[in-house]
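In: okay, predicted coordinates and the sequence, questions at the end:
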Amino acid sequence: MLSQYYPYECAESVFRIDTEKLLARGIRAMIFDIDNTLVHHGDDATPEIEAYFAALRETGMKALLLSNNDAPRCERFIRNMPWLPYVCDADKPDPKGYRRAAELLGVSPAETVVVGDQIFTDILGANRSGMASILVHFIRLPEETHIGKRRYLEYVILFLRRLQKKYCGRLGDILTNERD
């Protein structure tokens, strides 16, 4: 069924997601992809991302990084956020990594939202795991013109999702009014 590829919500970036609104809806934990979701592929965490996770922590929202990358990549990313847990070599979209992440956070899938930039890994894995999903626009540098065949397929899936209104906005109004 094509609906397994549909995100619950779409956002321009992680900075547009209103954590307080998620908490009010019973979401207690957020699982994040790293590359092209939080930073450009392979980059270190930026001061803005470090501040984002510090603020997230202050709200009481639990957070975890779920990545197909290896441990050295994840450890380099959290260098200034040693309290931020991660699951590396997750083999997304396999639900095992998502379930392990929820267990580490001490939450149920229904209390968890996954934030990522790829439909065929992040969103599919979240949906297969019974977790809500938020697709963010992937981060790319201005000089990058090639996006790959899978990204074009994602555009088709998002178009088809928009035609089936029941799959849009399933988390309700969870975006901030502020623009990036």
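Out: Received it, and whenever you're ready, just let me know what you need.
In: could you use CA atoms for every contact and neighbour count after this?
Out: Fine.
In: tell me the contacts of the most centrally placed residue in the chain?
Out: The chain has residue 115 as the residue nearest its centroid, 1.2 Å off, counting by Cα atoms, centre = their mean. Residues in contact with residue 115 (Cα atoms under 8 Å, 6 or more residues apart in numbering) are 14, 30, 31, 32, 33, 37, 122, 123, 133, 134, 135, 136.
In: 7 Å - rerun?
Out: The neighbours of residue 115, taking Cα atoms under 7 Å, 6 or more residues apart in numbering as the test, are 31, 32, 33, 133, 134, 135, 136.
In: do the same with residue 98
Out: 126, 129.
In: could you dump the strand or helix carrying residue 104 to PDB, C-alpha only?
Out: Using DSSP states H and E, residue 104 falls within helix 95-105. What follows is helix 95-105, C-alpha atoms only, in PDB (Å, rounded to 0.1, in the frame of the first residue of the first chain):
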ATOM      1  CA  PRO A  95      11.700  -1.500  12.300                       C
ATOM      2  CA  LYS A  96      14.100  -3.100  14.700                       C
ATOM      3  CA  GLY A  97      16.200   0.100  15.000                       C
ATOM      4  CA  TYR A  98      13.200   2.200  15.600                       C
ATOM      5  CA  ARG A  99      11.900  -0.200  18.300                       C
ATOM      6  CA  ARG A 100      15.300  -0.200  20.000                       C
ATOM      7  CA  ALA A 101      15.300   3.600  19.900                       C
ATOM      8  CA  ALA A 102      11.900   3.700  21.600                       C
ATOM      9  CA  GLU A 103      13.100   1.200  24.200                       C
ATOM     10  CA  LEU A 104      16.200   3.200  25.000                       C
ATOM     11  CA  LEU A 105      14.000   6.300  25.500                       C
END
